[in-house]
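K.L.:
Next one to model:
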Amino acid sequence: MFITFEGIDGCGKSTQAELLAKYLEKIGYEVINIFDPGYTKIGNEIRDILLDLKSNKMHPHTELLLYSAARSQLVSEIITPALKKNKIVISDRFFDSTTAYQGYGRDISLDLINKLNLIGSHHLTPDITFIVNVDLKNANGRLENKSNIDRMESENSKFKNKVLSGYVEIVKKYPERCFLIEGNKSVKEIQKKIKEITIKKIR
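P.N.:
Down below sits the predicted model:
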């Protein structure tokens, strides 16, 4: 099974992905917990370029292509082999991030985004996608505790609100796969809901 976590920076998705991975391992599943973009040597090099504050002149199409390139390497090198070995793969972000950030956030054609998502993902679609939804104030407050803010995290509120709206639209479009999780609750409450959905899908 392939499970992805989505949401704006500071929503708590990384924490929830890690907690779910530990829980599934505890009850006997073999799990690999990854992140997108990155995780592979090539992917990490692309990630460094994408998130570097010095890359502030990057064209939106360049950004889009780099995310897709990193994802292609991640799928071919890590995700597909793991799924073939019957492992559960949990990923902190996948192609829905591209739709939300580059599609809704950067106003790039969603038709173009969808085509590139298919190429970058090698036509692989997650079985479950958890979109952790928080208000912008909470998300920004959590980012204030970080020592180093990257290029995407430093984007303005107008951009982030467009991304938030994009995620809501993604849930509406793919209700059988995407679950909107209330991220303003406690970590424990959020994890309880995520566990319930996951176990129901697995069994």
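K.L.:
CA atoms for contacts and neighbours, from now on please.
P.N.:
Noted.
K.L.:
Please compute how far the least confident helix or strand in the chain by mean pLDDT lies from its chain's middle.
P.N.:
None of the helices or strands of the chain scores lower by mean pLDDT, DSSP states H and E than helix 136-143, at a mean of 80. Relative to its parent chain, helix 136-143 has a centroid offset of 17 Å by CA atoms, centre = their mean, to the nearest Å.
K.L.:
Just the buried residues of that helix, please?
P.N.:
Neighbour counts over helix 136-143 (16 or more other CA atoms under 10 Å) mark 136, 139, 140, 143 as buried.
K.L.:
any idea how far the nearest residue to residue 195 once chain neighbours are set aside is from residue 69?
P.N.:
Spatial nearest neighbour of residue 195, excluding adjacent residues (CA to CA, 6 or more residues apart in numbering): residue 20 at 6.9 Å. For residue 20, the distance to residue 69 equals 27 Å [CA to CA, to the nearest Å].
K.L.:
pretty sure residue 3 is in a strand, no?
P.N.:
Yes: under DSSP: H, G, I helix; E, B strand; the rest coil, residue 3 falls within a strand.
K.L.:
Mind telling me which residue is nearest the centre of this protein?
P.N.:
Residue closest to the average C-alpha location in the chain (CA atoms, centre = their mean): residue 93, at 1.5 Å.
K.L.:
returning to what we had before: just give me the closest of the buried residues of helix 136-143 to residue 197.
P.N.:
Checking the buried residues of helix 136-143 against residue 197 by CA to CA gives residue 139 as the nearest, at 23.8 Å.
K.L.:
burial measure for the nearest residue to that closest one once chain neighbours are set aside, as a count.
P.N.:
Nearest in space to residue 139, with sequence neighbours left out and distances taken as CA to CA, 6+ apart, is residue 10 at 4.3 Å. By the criterion of other CA atoms under 10 Å, residue 10 has 22 neighbours.
K.L.:
need the contact list for residue 10.
P.N.:
Shown in contact with residue 10 (CA atoms under 8 Å, 6 or more residues apart in numbering): 138, 139, 140, 141, 142, 143.
K.L.:
Which residue, other than its chain neighbours, is closest to the fifth one?
P.N.:
When the adjacent residues along the chain are set aside, residue 142 lies closest to residue 10, with 5.5 Å between them (CA to CA, 6+ apart).
K.L.:
what's the most distant pair in the contacts of residue 10?
P.N.:
Longest span within these, CA to CA: 138 and 143, 8.8 Å.
K.L.:
Show me the contact partners of stretch 25-45.
P.N.:
Contacts of stretch 25-45 (CA under 8 Å, 6+ apart): 17-18, 21, 24, 46-47, 67, 69-71, 73-74, 77-78, 82, 86-94.
K.L.:
Among those residues, which lie within helices?
P.N.:
17-18, 21, 24, 46-47, 67, 69-71, 73-74, 82 (DSSP state H).
K.L.:
Perfect, I'm done here.
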